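Give me the fold of what follows.
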Amino acid sequence: MKKTRAILLTIILITITFASCNLDGSAGIFRQLSQAKEPLSIRYKQLLGKDATHLYFTTEDGIERVTSPANKTTVVASKYENIVRSAALASTGDILYRTNNVTEQAENKIRVLDTTDTLGTVTVASTDTSDSLTDLSIEGLYANSMILVYGKDSGVGKFELLKYDGTKFSPLAPSVTLSPPSDYGLHAVVQQTGKEQDASEVMILSFAKGKDKYLHYLVDPTGIFAPISLGTKTTPVANFMYPAPNVLYVLTTDGNLYHIDTNDPLTWNKIGSTSNTYKENAFAFAVNEGTSKYHFITKPTLKSAPLVVFTIPYTTSSSATQTQIQSGYAKELSLTNIVSAMDISTVAGTSRLLVATYENGMFEITINDAAANIDGPGNGGSSAAEEYTFL
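Now for the predicted structure:
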């Protein structure tokens, strides 16, 4: 009898505990469980770009291309001692990629696959820097077909961005070189969400000294302006938007939003803040409402977090407002880890994106730019997982 009572009491206590966790119907554990998405077999890593008929991306299986979600071909398999670490789709139609092969890394090799030659022979691209750099090493290959190299020029350490020209990697014109203090190492290369594949878009290169000193540079690959030092900060950059000349907004990993006039790049004016945290290169897509404000759509680190939209008036001294979005274009992105996005917009006033998640598939979302900060069906819509189009 006593044993029965003890069991009943335990059941009652467990029931009360779960009920108390779910009192807030908008954030309770039962709601999260009910909305949890079934993991898919595909594990996306990076969207690379598209040509007239194919979409290219990397997964844990390697480099893939599709003509439709149901028609997939693995063009480069990621295998032991030749695991694909990074890749790009060049404007020439070549696929560029690096592997974890120790010998190839030591020899600074980038593999090249000609997609127009029925996936023919893999060759190796060479590098040509603007300085006579010694001890050259490739620090990274990015989806915009650029590599960042490090070397020494007369004993001084330099980083340089190189762009693939169809046969080799060559300096940008004008060249982009950075010489941070010798005790700062490369921390991150941050690219605007949806524009990672575009070689004409600005980037932020960040260097770190320890865990609380970060030196950021705004870099323009087209050469309109020379690299701009944004100064030394204590927090990494999660992502940014550069909607107009000299107008920069930076989101840091601790959830703060800053406006920076690049004519005065060392002054960061805080215009917004959220309790959420973000990773470097977090999903943070900018849309222009068209008359008076921008909407900066962000996805915090926490998988179960809704999208957070910062609405920023054109009057840059004004503070940004915040809205949490869980419906419309955000419906299928709840409870996912977004890993990559690509802007495929074609109609003014409507943004169209491919959004790849780590384990829940790829989605095609449309955003009504003027209503991007409204949590309702009028803000846009989303396909189901793996039911996207790209042409």
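
got the contact list for the residue nearest to the spatial centre of the chain?
Residue closest to the average C-alpha location in the chain (Cα atoms, centre = their mean): residue 281, at 4.1 Å. Residue 281 is in contact with 188, 190-191, 193, 238-239, counting by Cβ atoms under 8 Å, 6 or more residues apart in numbering. Any C-beta I mention is one placed from the backbone N, CA and C, and that applies to glycine too.

The same query, at a cut-off of 6 Å, please.
residue 190 (Cβ atoms under 6 Å, 6 or more residues apart in numbering).

part of a helix, is it?
No. Assigned with DSSP: H, G, I helix; E, B strand; the rest coil, residue 281 falls outside any helix and is coil.

what pLDDT does it get?
Residue 281 carries a pLDDT value of 97.

Run through the helices of the stretch 1-150 of the chain in chain order.
Remark: helices assigned in the stretch 1-150 of the chain by DSSP state H, counting those that start in this stretch are 2-21, 29-35, 102-106.

before we move on, what SS does residue 332 have?
Per three-state DSSP, the secondary structure class of residue 332 is helix.

Touching, it and residue 361? I think so.
No. The pair residue 332 / residue 361 is not scored as a contact, 8.7 Å apart, by Cβ atoms under 6 Å.

who has more neighbours, the two?
residue 361 (24 against 21; other Cβ atoms under 10 Å).

Look up the closest residue to that one, ignoring the ones flanking it.
The shortest distance from residue 361 to any non-neighbouring residue, by Cβ to Cβ, 6 or more residues apart in numbering, is to residue 385 (3.2 Å).

The one you found - that's part of a helix, no?
No. With three-state DSSP as the criterion, residue 385 is coil rather than part of a helix.

Relative to residue 297, how far out is it?
19 Å (Cβ to Cβ, to the nearest Å).

What of residue 136?
Taken as Cβ to Cβ, the span from residue 136 to residue 297 is 39 Å.

Over to residue 328?
Using Cβ to Cβ, we find residue 328 at a distance of 11 Å from residue 297.

The two: who's more crowded?
The residue with more neighbours, out of residue 328 and residue 297, is residue 297; 26 against 22, by other Cβ under 10 Å.

CA atoms only for the helix or strand hosting the more buried one - export them in PDB, please.
Following DSSP states H and E, one finds residue 297 within strand 293-298. What follows is strand 293-298, C-alpha atoms only, in PDB (Å, rounded to 0.1, in the frame of the first residue of the first chain):
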ATOM      1  CA  LYS A 293      13.600  52.300 -43.000                       C
ATOM      2  CA  TYR A 294      15.500  49.100 -43.200                       C
ATOM      3  CA  HIS A 295      14.600  45.700 -41.700                       C
ATOM      4  CA  PHE A 296      17.500  43.600 -40.500                       C
ATOM      5  CA  ILE A 297      16.200  40.000 -40.100                       C
ATOM      6  CA  THR A 298      18.400  37.900 -37.700                       C
END
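
next one: that strand to chain centre, how far?
16 Å (Cα atoms, centre = their mean, to the nearest Å).

quick one: the helices in the stretch 151-300 of the chain?
Taking DSSP H, counting those that start in this stretch as the criterion, the stretch 151-300 of the chain carries no helices.

how about the strands in it?
156-164, 168-171, 177-178, 185-191, 203-209, 213-219, 228-233, 237-244, 247-252, 256-261, 269-273, 284-288, 293-298 (DSSP state E, counting those that start in this stretch).

Could you report the neighbour count for residue 63?
Neighbours of residue 63 (other Cβ under 10 Å): 24.

Which residue is the nearest non-sequential neighbour of it?
In space, residue 63 is closest to residue 76, 4.0 Å off (Cβ to Cβ, 6+ apart).

I'd guessed the one you found sits against residue 62; true?
Yes. Contact status for residue 76 versus residue 62: in contact at 4.9 Å, counting by Cβ under 6 Å.

burial of residue 74, as a residue count?
Residues near residue 74, counting by other Cβ under 10 Å, number 12.

does it have beta-bridge partners, and which?
Legend: beta-bridge partners of residue 74 under DSSP bridges are residue 64.

does it really touch residue 62, like I thought?
Yes. In this structure residue 74 lies within contact range of residue 62 using Cβ under 6 Å: 5.3 Å.

got a list of what the nearest residue to residue 79 once chain neighbours are set aside touches?
Leaving out its chain neighbours, the residue that sits closest to residue 79 by Cβ to Cβ, 6+ apart is residue 62, at 7.9 Å. Residues near residue 62 by Cβ under 6 Å, 6+ apart: 74, 76-78, 84.

One more pass at 10 Å, please.
Neighbouring residues of residue 62 by Cβ atoms under 10 Å, 6 or more residues apart in numbering: 45, 74-79, 82-84, 87, 97.

Against residue 379, how distant is it?
36 Å.

Return stretch 149-165 as CSV; C-alpha atoms alone will do.
The C-alpha coordinates for stretch 149-165 follow below in CSV (Å, rounded to 0.1, in the frame of the first residue of the first chain):
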residue,chain,number,x,y,z
VAL,A,149,46.6,34.1,-48.0
TYR,A,150,49.2,35.0,-45.4
GLY,A,151,52.9,35.5,-45.9
LYS,A,152,55.8,37.7,-45.0
ASP,A,153,57.1,40.7,-47.0
SER,A,154,60.6,41.7,-45.8
GLY,A,155,59.8,40.1,-42.5
VAL,A,156,56.4,41.8,-42.1
GLY,A,157,53.3,39.6,-41.9
LYS,A,158,50.6,40.4,-44.5
PHE,A,159,47.2,39.0,-45.4
GLU,A,160,46.0,39.4,-49.0
LEU,A,161,42.8,38.6,-50.8
LEU,A,162,43.1,36.9,-54.1
LYS,A,163,40.4,36.2,-56.7
TYR,A,164,40.1,33.3,-59.2
ASP,A,165,40.5,34.5,-62.8
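
what sits in contact with each of residue 76 and residue 62?
82, 84, 87, 97.

Skip the chain neighbours and tell me the closest residue to residue 344.
residue 352 is the one closest to residue 344 (Cβ to Cβ, 6+ apart), at 5.2 Å.
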